[in-house]
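Chemist: Any chance you can model this:
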Amino acid sequence: MLPNMLKKMWTVFSNARTSNILLALFMVFVGSWAGFLCTEGLDSPFAHPVDYLFYFIVTISTVGYGDIIPHTTAGKFVSVLLIVCGIGLSAVIMTRVANFLYLFSIRRLKGYMSTKFEGHIVLLFSGQSLQTITQMVVEILADIDHAAAHIVVGSDNPAHNAILHDKRLYAHKVEYKLSEKIFDQQMFERTNIKAARRVVVNTADDSKTTFTCLAIHQLNPQTSIVAVIHDAENAPYCKNISNKIECVTPVQDLVAVQEMQDPGVAAVISGLMRNSVGSSIFRIDIPKGTRQMSLSECMQLLLEQKRAYIVAIGGCEKNPPADYIIEGGMWLFVSAPKRPVDIVWV
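Modeler: Next up is the predicted model:
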């Protein structure tokens, strides 16, 4: 952010009006120095460049330490001219600097500046509550695999910049970007979608979600996209754009039915879906070349090493038998206190 701020500040100071003010201040600097040399003599402190520069700065900044002062009447007159001209010009410059820093901070907080992150996670929202957005960011950062991730939240609601004030996110690199539409060029530039590693699109309109996914895929065909689709019948339209897009649908209705049939299951499901509360569900990709083992043997291995319980096998029917063969190239979904890493597949 600092290089970008310095670049913009240079743009401000290189315009004609500001350049003229700086030139005038430089002329005051040189002119008053010449005046002091003529009135105070070459043996005075004003003859030394460092001492004079110090006197010049403390004078125009109204500090005035008083350790270096003119002793002649003519020298005092030069000081009066320096004070009148120098303070006025320096006040104009300081006002411009303060105004620039204020506007720079405001632009950042309001989400008008483009991120410099690369390989980051982008979350695009439209029609969602601030609580929903914040909870999703908190859950992402609660996963050890993404604890140090750079996250950029894009929204069409200016009120969502309140996420930057959430104390739970202070220690993390989270940015907020605003645009009138989450699928326009301005939003994609501000979130640097071309360099994003993963993108989540969550809007209240499935057609908007599908259109956004299409635009993102055209800009960055390599990024993985997760699209929240509210009507399962619309999922194929979004999924057919690319195999890099995964569609998910809200499960609240199904959980409600399950809770009615089996009281208490909703709390279990909710806990497993959250990284910030107890155990969660994680995907484990078994390295290719790993020796074959039975499901029961694999379960014992994961339990001993990572306290992980297998809850599903990718591409496998539900409830496989204990002698089901597990081999390299398969993936498992496990429940564990934290993401299992460095598993020894003996």
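
Chemist: hey, let's count contacts and neighbours off CA atoms from now on
Modeler: Will do.

Chemist: Quick one: distance of the strand or helix carrying residue 212 to the chain centre.
Modeler: Secondary structure assigned from DSSP states H and E places residue 212 in helix 206-219. Averaging C-alpha positions (C-alpha atoms, centre = their mean, to the nearest Å) puts helix 206-219 22 Å from its chain's average.

Chemist: packing partners for it?
Modeler: Under the contact definition 3 or more C-alpha pairs under 8 Å, 6 or more residues apart in numbering; DSSP states H and E, helix 206-219 sits against strand 198-203, strand 224-228, helix 235-239.

Chemist: which residues are contacting the first one?
Modeler: The one in question is strand 198-203. Taking contacts as C-alpha atoms under 8 Å, 6 or more residues apart in numbering, the residues outside strand 198-203 that touch it are 119-128, 209, 212-213, 223-229.

Chemist: what about the closest residue in space to residue 191 that isn't next to it in sequence, neighbour count?
Modeler: By the measure of C-alpha to C-alpha, 6 or more residues apart in numbering, the closest residue to residue 191 outside its immediate chain neighbours is residue 115, 5.7 Å from it. Around residue 115 there are 19 other residues, counting by other C-alpha atoms under 10 Å.

Chemist: With residue 109 instead?
Modeler: By the measure other C-alpha under 10 Å, the count of residues near residue 109 is 19.

Chemist: what ranges do the helices span in this structure?
Modeler: 2-13, 16-40, 49-60, 73-110, 130-142, 185-190, 206-219, 235-239, 252-261, 265-272, 295-306 (DSSP state H).

Chemist: need those helices in TSV with distance to residue 179 and mean pLDDT, can you?
Modeler: Compiled in TSV, the helices of the chain are given as follows (distance: least, C-alpha to C-alpha, whole Å; pLDDT from 0 to 100):
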stretch	distance to residue 179	mean pLDDT
helix 2-13	20	57
helix 16-40	31	86
helix 49-60	43	89
helix 73-110	10	83
helix 130-142	16	88
helix 185-190	5	93
helix 206-219	13	94
helix 235-239	23	90
helix 252-261	30	73
helix 265-272	32	76
helix 295-306	44	92
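
Chemist: Save these as JSON lines, and put in distance to residue 155 too.
Modeler: Written out in JSON lines, the entries for these read as follows (distance: least, C-alpha to C-alpha, whole Å):
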{"stretch": "helix 2-13", "distance to residue 155": "23"}
{"stretch": "helix 16-40", "distance to residue 155": "36"}
{"stretch": "helix 49-60", "distance to residue 155": "46"}
{"stretch": "helix 73-110", "distance to residue 155": "11"}
{"stretch": "helix 130-142", "distance to residue 155": "10"}
{"stretch": "helix 185-190", "distance to residue 155": "8"}
{"stretch": "helix 206-219", "distance to residue 155": "12"}
{"stretch": "helix 235-239", "distance to residue 155": "20"}
{"stretch": "helix 252-261", "distance to residue 155": "24"}
{"stretch": "helix 265-272", "distance to residue 155": "26"}
{"stretch": "helix 295-306", "distance to residue 155": "38"}
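
Chemist: sorry, back to before: so which of the helices and strands packed on helix 206-219 comes closest to residue 259?
Modeler: Ranking the helices and strands packed on helix 206-219 by proximity to residue 259 (C-alpha to C-alpha) places strand 224-228 first, at 22.9 Å.

Chemist: Give me the residues contacting the closest one.
Modeler: 197-203, 206, 209-210, 213, 238, 244-250.

Chemist: Kindly recompute the last result at 6 Å.
Modeler: 198, 199, 200, 201, 202, 244, 245, 246, 247, 248, 249 (C-alpha atoms under 6 Å, 6 or more residues apart in numbering).

Chemist: Same check on stretch 47-67?
Modeler: With contact meaning C-alpha under 6 Å, 6+ apart, stretch 47-67 is reached by 46, 86, 87.

Chemist: again, 7 Å this time
Modeler: Contacts with stretch 47-67, where a contact means C-alpha atoms under 7 Å, 6 or more residues apart in numbering, come from 37, 45, 46, 68, 83, 86, 87, 90.

Chemist: per-residue confidence at the residue nearest to residue 337 when sequence neighbours are not counted?
Modeler: Ranked by C-alpha to C-alpha, 6+ apart and with sequence neighbours excluded, the top spatial neighbour of residue 337 is residue 279, at 4.1 Å. Listed pLDDT for residue 279 reads 72.

Chemist: same question, residue 15
Modeler: Each residue has a pLDDT score; the one for residue 15 is 67.

Chemist: follow-up on the earlier one: buried subset of the contacts of stretch 47-67 as a ChimeraX selection?
Modeler: The following ChimeraX selection, which keeps only the buried ones among the contacts of stretch 47-67, applies the criterion 16 or more other C-alpha atoms under 10 Å:
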select :37,45,46,83,86,87,90
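
Chemist: Out of the contacts of stretch 47-67, flag the one nearest to residue 20.
Modeler: Distance from residue 20 was checked for each of the contacts of stretch 47-67 by C-alpha to C-alpha. The minimum falls on residue 90, at 12.5 Å.

Chemist: Kind regards, and thank you for your time.
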